[in-house]
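**Q** just a sequence and a predicted model for now, questions to come.
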Amino acid sequence: MAHRLTSPALAAAGVFGAVLGVYLATLSPTINSFDSAEFTTAAADLGIVHATGYPLYLSLAHLVTRIPVATLPVRVNAFSAVCAAGAAGVIVLPAYRLSHDLPAAAVSGLALGLSGLLWSQAVIAEVYALEALLTAALLHFAVHWWQTDEQRSLVGLMLLFGLSLTNHLASVLLGPGLLVLVVWGIKQQKTSLRWVAAAALTGLLPLTLYAYLPMRFAANPALNYVGTYFPHIDLTTPGGIVWMVSGRMFASEMFGVPLAVALRNVLAVLGGFWLEMLGIGLLLMIAGGLRLWQRDRWIVIFVGLGAALIVVFFSTYDVIDAAVMTLPALVLTAPLLAVGLNQLRLESLPAVVRRFGVPAVGMLLVATHLIVNGPFASRRGDTAAYDYAQTVMHSVEHNAFVLTFWTTATPLEYLQIVEGIRADVTIFDRGLYVLGVRDQLLRTGIREDLPDRMTAALHAEIRIAAEHRPVYITENDPAVSEEFCLTPVTGVPVVLYRVWLDRPPGQTCEQP
């Protein structure tokens, strides 16, 4: 009985329950901006979102929307909470295997679960919580296979790798480390080519989930970013699927920053990890990695190579939320904290450190995470995105054409598609539109004066719309206000402008 009460599985379940309670207490009560509202809408509609498509997440989230509990946004948000709590719980298992220290392993799970990076993604609809869970489970199977030579764990490892690729294709960055681990495993006779082939074939099976793209594209769902903004792309063709899955939609953003900026971004990510672990936690993780190198160096290589590739790649990715995409690196390295904490039990240290070091550092990390990260990560009572969208939808005229951007477009799309509000309004994401224009120009070999050509195409769309219907814009975008007259809509508590081809009599145009 005593053994069962201190089992790693029970500790993992305890961490899962504790962290899930925190997430549910701070859960967003409705939709949020950016990708979050987009994923909520697509989950309800089985829609086509931005690259790389995310078929696993959308399929699972759609099932969640069918659960007759709470509102639809709360269900999808709670799905993230369960996935993130699962990641925190599962990470206890490899942490224990590597440290042989159950309290230290539990601390590593709590530290991961209460980190600002994971917590912030656990309370909204996003793909990163599921990615964290898949990464944690993948690491567990990798460590279990490496330490036990159990071939079923190798098959499970490859299955999880394949599933990860259908949630967020950036999981391919784990591939080199996984290849090194498997090749060395063959050399060490931990497995055979027959088992590797069977595992690899198993890993290919989840890729069939990408059939979601042609099937749903052919169904023409209400939310269809490719059909709306990239009309030259057909997702029912092999070429279209490859375009989507490879992220060509954002091709220019990949490796899109200068080297100096990329290096600064790497330092910023490392600085973020330092803050996440209060400094001492990161030092213990480094100490844990050095200790583990002495007995399980190939696990360190797998973890280190995967984490490094994730940090470096997303430090060169020119998008606003690139830092969040480094979350799998934090998940991969979390068990090193348990190994480092276990070093506080060394016989060479004073007795008081051996006895109280792990619980003291653990309580410090958990308490500080709750105090510091709670206000930042919590979305409890946050209805700003929903309220904003409601205000805009009720403020524009009949048959309005609303120019907006990713930040504000997605809540508007949710209201229109899921709640059926203002079907007469056209929501026009000018950011996605110019990406579509850019992609079409590049495909035809035109690379000169791309920004000017993209802006000219946007202006043409606005002129066509303004000739027949009222046009609004949710920001004072210089690319628009330098060409058209923008007048603020008065009497509404949000930023909203009317767009005119010519200045209306008696009104003043907003300056860029």
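**A** Alright, I've got the coordinates.

**Q** residue 337 - nearest residue in space that isn't next to it in sequence?
**A** residue 108 (4.3 Å; Cβ to Cβ, 6 or more residues apart in numbering). From N, CA and C alone the C-beta is placed, and that goes for glycine too.

**Q** and for that neighbour, the neighbour number?
**A** 35 (other Cβ atoms under 10 Å).

**Q** now do the SS call for it.
**A** helix (DSSP: H, G, I helix; E, B strand; the rest coil).

**Q** my read: it touches residue 95, true?
**A** Yes - the pair residue 108 / residue 95 is scored as a contact, 4.4 Å apart, by Cβ atoms under 8 Å.

**Q** any residues in contact with both of those two?
**A** Residues touching both residue 108 and residue 95 (Cβ atoms under 8 Å, 6 or more residues apart in numbering) are 334, 335, 337, 338.

**Q** pLDDT on stretch 215-224, on average?
**A** Per-residue pLDDT values across stretch 215-224 average out to 96.

**Q** end to end, how far does it reach?
**A** With Cα to Cα, to the nearest Å applied, stretch 215-224 spans 12 Å between its terminal residues.

**Q** contacts for it next, please.
**A** Identification of contacts with stretch 215-224 by Cβ under 8 Å, 6+ apart yields 38, 41-42, 45-49, 226-227, 234-236, 240, 413, 417.

**Q** could you list which residues are in contact with the residue nearest to residue 337?
**A** Contacts of residue 108 by Cβ under 8 Å, 6+ apart are 91, 92, 95, 334, 335, 336, 337, 338, 341.

**Q** likewise for residue 12?
**A** 89, 90, 92, 93, 109 are the contacts of residue 12 under Cβ under 8 Å, 6+ apart.

**Q** and residue 1, what's its pLDDT?
**A** Listed pLDDT for residue 1 reads 36.

**Q** and what of the one 3 residues further on?
**A** What the model reports as pLDDT for residue 4 is 48.

**Q** likewise residue 347?
**A** Residue 347 is given a pLDDT of 63.

**Q** what do you get for residue 281?
**A** pLDDT, residue 281: 84.

**Q** these two touch, right, it and residue 365?
**A** Yes - between residue 281 and residue 365 a contact is recorded at 5.7 Å, counting by Cβ under 8 Å.

**Q** and for the two, which residues touch both?
**A** In contact with both residue 281 and residue 365: residue 111, using Cβ under 8 Å, 6+ apart.

**Q** for the protein, which spans come out with low pLDDT?
**A** For the chain, applying pLDDT under 70 flags the ranges 1-6, 347-349, 352-353.

**Q** that one: strands as residue ranges?
**A** Ranges of strands in the chain, per DSSP state E, are 401-404, 426-429, 471-473, 485-488, 497-500.

**Q** I'd like these laid out as a markdown table, including mean neighbour count and distance to residue 73.
**A** A markdown table is the format used below for the strands of the chain (neighbours: other Cβ atoms under 10 Å; distance: least, Cβ to Cβ, whole Å):
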| stretch | mean neighbour count | distance to residue 73 |
| --- | --- | --- |
| strand 401-404 | 24 | 19 |
| strand 426-429 | 21 | 18 |
| strand 471-473 | 24 | 25 |
| strand 485-488 | 18 | 30 |
| strand 497-500 | 20 | 28 |
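
**Q** could you dump those strands to TSV with distance to residue 200?
**A** Output for the strands of the chain, formatted as TSV (distance: least, Cβ to Cβ, whole Å):
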stretch	distance to residue 200
strand 401-404	44
strand 426-429	39
strand 471-473	51
strand 485-488	56
strand 497-500	54
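
**Q** indicate which one of those is closest to residue 118.
**A** strand 426-429 (28.5 Å; Cβ to Cβ).

**Q** direction included, what does the closest one pair against?
**A** strand 401-404 (parallel) (DSSP bridges).

**Q** residues contacting stretch 142-162, please?
**A** With Cβ under 8 Å, 6+ apart as the criterion, stretch 142-162 contacts 93-94, 97-98, 134, 137-138, 141, 171, 174-175, 178, 181-182, 185, 190-191, 195-196, 198-200, 202-207, 296, 298-299, 302, 335.

**Q** rewinding a little: can you pick the most crowded of the contacts of residue 12?
**A** Neighbour max across the contacts of residue 12 (other Cβ under 10 Å) = residue 92, 33 neighbours.

**Q** residue contacts, that residue?
**A** Counted by Cβ under 8 Å, 6+ apart, residue 92 has contacts 8, 11, 12, 15, 105, 106, 108, 109.

**Q** and the fourth one, what does it touch?
**A** Applying Cβ under 8 Å, 6+ apart, one finds that residue 15 lies in contact with 88, 89, 92, 106, 109, 110, 113.

**Q** what does the fifth one give?
**A** By Cβ under 8 Å, 6+ apart, the contact set of residue 105 is 8, 11, 92, 93, 95, 96, 99, 335, 338.

**Q** now rank the residues you listed by neighbours and give me the top one.
**A** Busiest of the contacts of residue 105 [other Cβ under 10 Å] is residue 95, holding 35 neighbours.

**Q** do I have it right that that residue meets residue 104?
**A** Yes - using Cβ under 8 Å, residue 95 is in contact with residue 104, at 7.2 Å.

**Q** intersection of neighbour lists for the two?
**A** With Cβ under 8 Å, 6+ apart, residue 95 and residue 104 have common neighbours 337, 338, 339.

**Q** out of the residues you listed, who's nearest residue 167?
**A** Among the shared contacts of residue 95 and residue 104, and counting by Cβ to Cβ, the member closest to residue 167 is residue 337, at 24.9 Å.

**Q** count the neighbours of that closest one for me.
**A** 32.

**Q** for residue 453, same thing?
**A** By the criterion of other Cβ under 10 Å, residue 453 has 15 neighbours.

**Q** who's in contact with it?
**A** 437, 441, 446.

**Q** nearest residue to the middle of the chain?
**A** The C-alpha lying nearest the average C-alpha coordinate of the chain belongs to residue 128 (Cα atoms, centre = their mean; 3.2 Å).

**Q** between the contacts of stretch 215-224, which is closest to residue 264?
**A** Distances from residue 264 to the contacts of stretch 215-224, taken by Cβ to Cβ, are shortest for residue 38, at 29.0 Å.

**Q** once you drop chain neighbours, what's closest to that closest one?
**A** residue 410 (4.3 Å).

**Q** pretty sure the one you found sits against residue 49.
**A** No - with contact defined as Cβ under 8 Å, residue 410 does not reach residue 49; the gap is 9.7 Å.

**Q** more crowded one of the two?
**A** Ranked by neighbour count (other Cβ under 10 Å), residue 410 and residue 49 place residue 410 first, with 28 against 23.

**Q** quick one: contacts for that one?
**A** Per Cβ under 8 Å, 6+ apart, neighbours of residue 410: 31, 33, 34, 35, 36, 37, 38, 41.

**Q** swap in residue 191?
**A** Under the criterion of Cβ under 8 Å, 6+ apart, the neighbours of residue 191 are 145, 149, 151, 154, 182, 185.

**Q** how far away is the first one from residue 46?
**A** The one in question is residue 145. 35 Å (Cβ to Cβ, to the nearest Å).

**Q** so between these two, which is more surrounded?
**A** Set residue 145 next to residue 46 and count neighbours by other Cβ under 10 Å: residue 145 wins out with 24 against 18.

**Q** so among the contacts of stretch 142-162, which ones count as buried?
**A** 93-94, 97-98, 134, 137-138, 141, 171, 174, 178, 181-182, 185, 190-191, 195-196, 198-199, 202-203, 206, 296, 298-299, 302, 335 (16 or more other Cβ atoms under 10 Å).

**Q** to the chain's geometric centre, what's the distance from the longest helix along the chain?
**A** As assigned by DSSP state H, the longest helix anywhere in the chain is helix 351-377. The chain centre lies 27 Å from the centre of helix 351-377; the measure is Cα atoms, centre = their mean, to the nearest Å.

**Q** what about the helices in the stretch 251-400 of the chain?
**A** 259-276, 280-293, 297-315, 327-342, 351-377, 384-395 (DSSP state H, counting those that start in this stretch).
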